[in-house]
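Undergrad: Below: sequence and its predicted model.
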Amino acid sequence: MLRDTKTLVKWWEKRIGDKSVALKLYVCGVAAV
């Protein structure tokens, strides 16, 4: 999963338009798992 981190962040960044928010969501998602 870690190797897809950049892809996921880019995907979220594309949808939200904010990398910091995308990173927070990703971290929260990982923490939830």
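TA: Noted; the coordinates are in hand.
Undergrad: helices or strands up against whichever strand or helix holds Ala22?
TA: Using DSSP states H and E, Ala22 maps to helix 19-32. When contacts are defined as 3 or more Cβ pairs under 8 Å, 6 or more residues apart in numbering; DSSP states H and E, helix 19-32 sits against helix 5-16. No exception for glycine: its C-beta is placed from N, CA and C like everyone else's.
Undergrad: Below-threshold pLDDT in the protein: ranges please.
TA: 1-3, 33 (pLDDT under 70).
Undergrad: how about 80 then?
TA: 1-5, 8-9, 11-13, 16-19, 22, 25-26, 30-33 (pLDDT under 80).
Undergrad: Can I get the helix holding Ala22 in CSV? Just the C-alpha atoms.
TA: This file holds the C-alpha atoms of helix 19-32, laid out as CSV (Å, rounded to 0.1, in the frame of the first residue of the first chain):
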residue,chain,number,x,y,z
LYS,A,19,-2.3,18.6,-1.1
SER,A,20,-2.2,19.2,2.7
VAL,A,21,-5.8,18.2,3.0
ALA,A,22,-5.1,15.2,0.7
LEU,A,23,-2.2,14.2,3.0
LYS,A,24,-4.3,14.5,6.1
LEU,A,25,-7.1,12.4,4.6
TYR,A,26,-4.5,9.8,3.6
VAL,A,27,-2.9,9.7,7.0
CYS,A,28,-6.4,9.4,8.6
GLY,A,29,-7.2,6.6,6.2
VAL,A,30,-4.0,4.7,7.1
ALA,A,31,-4.6,5.3,10.8
ALA,A,32,-8.2,3.9,10.4
